[in-house]
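Chemist: need a structure here:
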Amino acid sequence: MRSTRTRLILTTGLVATTALALAACSSGSSASDGSTASADLTIGSVDLAAAGCPAKVVIQTDWNPESEHGHLYQLLGPDPVIDSDNKLVSGPLYSAGEYTGVDVEIRSGGPAIGFQTVSSQMYTDPDIMLGYVTTDEAVLLSADMPTTAVFAPLDISPLMVMWDPETYPDAKTIEDVVKAGAVVRYFGGSAYMEYLNTTNIIPTAQADGSYDGTPASFIASGGKDAQQGFASAEPYIYENEVADWMKPVAYQLINDTGYEAYQSAMAVRTDDLAADSDCLKALVPVLQQAEVDYFADPAPVNTMILDLVEKFDTGWVYSQGVADYSVKTMIDEGIVGNGPNDTIGDFDDKRMGTFFDTVVPIFSGLGTPPSDGLAVDDIYTNEFIDTSIGLK
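Modeler: The predicted structure is shown next:
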């Protein structure tokens, strides 16, 4: 049976909680020794070195390579260096096919970092410039590991609750399924579930925190129970790759319940924001354009992603079918998009304010309050966003 993915989730104990194809890669070699072929390349219209960016921009993701991270792998040109041992890939950093004067190193998360939060990795290793930090994590860890998000690759979180439409044919929402008697299985300690409990969308008595990332319990319930997952993967996996299920599931996004976190926002350590600002003014638009370019033609990068998953060999399985489904679903569901304007990657100020006001009392009630005096403006900024860049 193919394994399904787990994700870093937020818990009160702060433990684990949606370019070109590789033709000649150096599997197992170190991507941290600067041994890329950038010295002979001509810098194009964007010069990140002149903008003050480090010689190697290190980015920490929150999971194995996947289509949700396609915008990052779009930054790599031909012949990047794969470090299979450390689950990372590096090479000259490109923008719209042109070299930018610096290299990029993309590090995998999840099993590659022992399921630690990305925030903790960023504070352990100062070489990491940018990391994927969901906005509820930024609030929760603000006292000891403050981060400020500068780019939102996902406009809507792909996190969802799914159920069997044969068992619950009239259900359109999570609330419908719960009212029909379903128990919702989830990763214990997830912040979003505290919100759903507080709002009585899922009463505590019908929330089961025993989900372990595998389909076994969902299958064993015979369709009676609901379960968390990612809309950009599990619906395809359960219908096409889970041998004991092989039929559709229905779902509702957690975002649609009012918990509008920005999943996997790209953030810097808050104390480094000022020092990094010149670089970020040039780099963030490159990240925006990379996402636009990826979704215009995702196939080459998805080929790279599948190759990385195979070479990293963490035990996680990712198929071409899931990669293709993910891209289509992210567009169709608005998981990736420009939001209420014509710009990709920016944060909606009103939405962030509402979200902040929602999660602060939740975390305080859990005994993990944010840092004293934390304001919503401390956890994100749009100052580096180029408002002219967006999906067409």
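Chemist: check the contact between Ala49 and Leu41; I expect there is one.
Modeler: No - between Ala49 and Leu41 there is no contact under Cβ atoms under 8 Å: 11.4 Å. No exception for glycine: its C-beta is placed from N, CA and C like everyone else's.
Chemist: common neighbours of those two, please.
Modeler: The contact sets of Ala49 and Leu41 do not overlap (Cβ atoms under 8 Å, 6 or more residues apart in numbering).
Chemist: wait, Ala282 sits on Ser45?
Modeler: No - Ala282 lies out of contact with Ser45 (Cβ under 8 Å); the separation is 10.9 Å.
Chemist: so which of those two has more stuff around it?
Modeler: More crowded of Ala282 and Ser45, by other Cβ atoms under 10 Å: Ala282, with 22 against 8.
Chemist: that one and Gln228: what is the separation?
Modeler: Ala282 is 38 Å from Gln228, where distance means Cβ to Cβ, to the nearest Å.
Chemist: scan this structure for its longest helix.
Modeler: For the chain, the helix with the greatest residue count under DSSP state H is helix 273-296.
Chemist: and that helix, what does it pack against?
Modeler: If you count contacts as 3 or more Cβ pairs under 8 Å, 6 or more residues apart in numbering; DSSP states H and E, helix 273-296 packs onto helix 70-73, strand 88-95, strand 147-151, strand 266-269.
Chemist: mind putting these into TSV with distance to Met193, mean pLDDT and mean neighbour count?
Modeler: Formatted as TSV, those follow (distance: least, Cβ to Cβ, whole Å; pLDDT from 0 to 100; neighbours: other Cβ atoms under 10 Å):
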stretch	distance to Met193	mean pLDDT	mean neighbour count
helix 70-73	28	98	26
strand 88-95	32	98	25
strand 147-151	23	98	26
strand 266-269	23	98	25
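Chemist: wait, which of the ones you listed is closest to Ile331?
Modeler: Smallest distance to Ile331 across the helices and strands packed on helix 273-296 (Cβ to Cβ): 11.8 Å, for helix 70-73.
Chemist: what sits in contact with each of Ala282 and Ser45?
Modeler: Residues touching both Ala282 and Ser45 (Cβ under 8 Å, 6+ apart): there are none.
Chemist: contacting residues for Asp256?
Modeler: Contacts of Asp256 (Cβ under 8 Å, 6+ apart): Thr173.
Chemist: can you check Thr198 too?
Modeler: By Cβ under 8 Å, 6+ apart, the contact list for Thr198 reads Ile362.
Chemist: next one: the one 10 residues further on
Modeler: Contact criterion Cβ under 8 Å, 6+ apart gives 183-186, 225 as the residues in contact with Asp208.
Chemist: ok, it to Leu130 distance?
Modeler: 35 Å.
Chemist: next one: Glu68
Modeler: Taking Cβ to Cβ as the measure, Glu68 falls 16 Å from Leu130.
Chemist: again with Phe356
Modeler: With distances taken as Cβ to Cβ, Phe356 is found 22 Å from Leu130.
Chemist: compare those two (neighbour count), which wins?
Modeler: The neighbour count for Phe356 versus Leu130, taken as other Cβ under 10 Å, is higher for Leu130 (27 against 21).
Chemist: contacts only, for the more buried one.
Modeler: With Cβ under 8 Å, 6+ apart, Leu130 has these contacts: 57-60, 150, 266-268.
Chemist: what bridges to it?
Modeler: Ile59 (DSSP bridges).
Chemist: could you measure it against Val301, distance?
Modeler: Counting by Cβ to Cβ - Leu130 and Val301 are separated by 18 Å.
Chemist: same thing with Phe356?
Modeler: Distance of Phe356 to Val301, given as Cβ to Cβ: 33 Å.
Chemist: same question for the longest helix of the chain, mean pLDDT?
Modeler: When pLDDT is averaged over helix 273-296, the result is 98.
Chemist: quick check: buried residues in stretch 109-123?
Modeler: When burial is assessed from 16 or more other Cβ atoms under 10 Å, stretch 109-123 yields the following buried residues: 109-113, 115-123.
Chemist: same question for stretch 367-385.
Modeler: For stretch 367-385, burial by neighbour count (16+ other Cβ under 10 Å) applies to 368-370, 374, 376, 378-382, 384-385.
Chemist: for that stretch, measure first residue to last.
Modeler: 35 Å (Cα to Cα, to the nearest Å).
Chemist: quick check: mean pLDDT of that stretch?
Modeler: For stretch 367-385, mean pLDDT is 97.
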